[in-house]
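J.: With the sequence up front, the predicted model follows.
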Amino acid sequence: AQSVSQHNHHVILSEAASLELGCNYSYGGTVNLFWYVQYPGQHLQLLLKYFSGDPLVKGIKGFEAEFIKSKFSFNLRKPSVQWSDTAEYFCAVKLWAGNMLTFGGGTRLMVKP
Amino acid sequence: EAQVTQNPRYLITVTGKKLTVTCSQNMNHEYMSWYRQDPGLGLRQIYYSMNVEVTDKGDVPEGYKVSRKEKRNFPLILESPSPNQTSLYFCASSSGQGGNQPQHFGDGTRLSIL
């Protein structure tokens, strides 16, 4: 069965620190990759997505992610975090030929002012 | 305004009492889906629908039913709820039949089954 792993469950950073959140998935077919963010008490919102082309994708609010096919990874990065980035972040993967979207377990980020 | 609307937002009920959580989208999306969110487990897909009258099981379908009689609505039915179904539930929709496009999520429904 397909699976998505986010190895960091909780991350605490100070403002202006750099962020990298890991995401690995377990299947080798053509995939669509997503990062979603959930601010406290809110629903999930799309940060960025990768379908094809340039493996470095840029999303909203200064976030970017790099798809490394050989490593089955899609890590999320931000050079300098802000207090307002405090949220839970979810990686999601969908086999292009399939119909199910599989989420990772989430990473809870806290940014200290 | 494009949105996915879930009702109710909060519900506390007792074991065995049938309940329905409604979901409606106004974007004419083909693909709709239900997820449950539990701490440390992320979101797990319960059921999805690729179009009217087309539904299929996700990762955790046991104890749930769905129907898709109209394109805009995708209710989640718990025929005989149990405490292990206490969770936060999200409905989502996306364009395209395969769900390849990003999902639009509702605001969530917090269910407590006593």
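T.: Great, that's in hand. Numbering: from 1, shown residues only, chains lettered A, B, ... in the order given.
J.: quick one: B:Gln6 and B:His104 touch, right?
T.: No. Counting by CB atoms under 8 Å, B:Gln6 sits too far from B:His104 to count as a contact (11.9 Å). Bear in mind the C-beta positions are built from the backbone N, C-alpha and C, glycine included.
J.: and the nearest residue to A:Val11 once chain neighbours are set aside, what is it in contact with?
T.: Among residues not flanking A:Val11 along the chain, A:Leu109 sits closest, at 5.0 Å (CB to CB, 6 or more residues apart in numbering or on different chains). Shown in contact with A:Leu109 (CB atoms under 8 Å, 6 or more residues apart in numbering or on different chains): A:11-13, A:19, A:21, A:81, A:85-89.
J.: How about A:Lys69: what's its closest non-neighbour residue?
T.: Nearest residue to A:Lys69, sequence neighbours excluded (CB to CB, 6+ apart): A:Pro55, at 7.5 Å.
J.: same thing with B:Gly58?
T.: Ranked by CB to CB, 6+ apart and with sequence neighbours excluded, the top spatial neighbour of B:Gly58 is B:Gln45, at 3.1 Å.
J.: So what touches the host helix or strand of that neighbour?
T.: For B:Gln45, the element it lies in under DSSP states H and E is strand B:42-51. Identification of contacts with strand B:42-51 by CB under 8 Å, 6+ apart yields A:4, A:6, A:44, A:90, A:92, A:99-106, B:30-38, B:55-61, B:64, B:66, B:68, B:71, B:74, B:76, B:89-90, B:97-99.
J.: Could you list the residues of chain A in contact with chain B?
T.: Within chain A, the positions near chain B by CB under 8 Å from any CB of the partner chain are A:1, A:4, A:6, A:9, A:32, A:34, A:36, A:42-46, A:49, A:51, A:90, A:92, A:94, A:96, A:98-106.
J.: So how do I select the buried members of the residues you listed in PyMOL?
T.: With 16 or more other CB atoms under 10 Å in any protein chain shown as the criterion, this PyMOL line picks the buried residues out of the residues of chain A next to chain B:
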select buried, chain A and resi 4+6+32+34+36+43+44+45+46+49+90+92+94+98+99+100+101+102+103+104+105+106
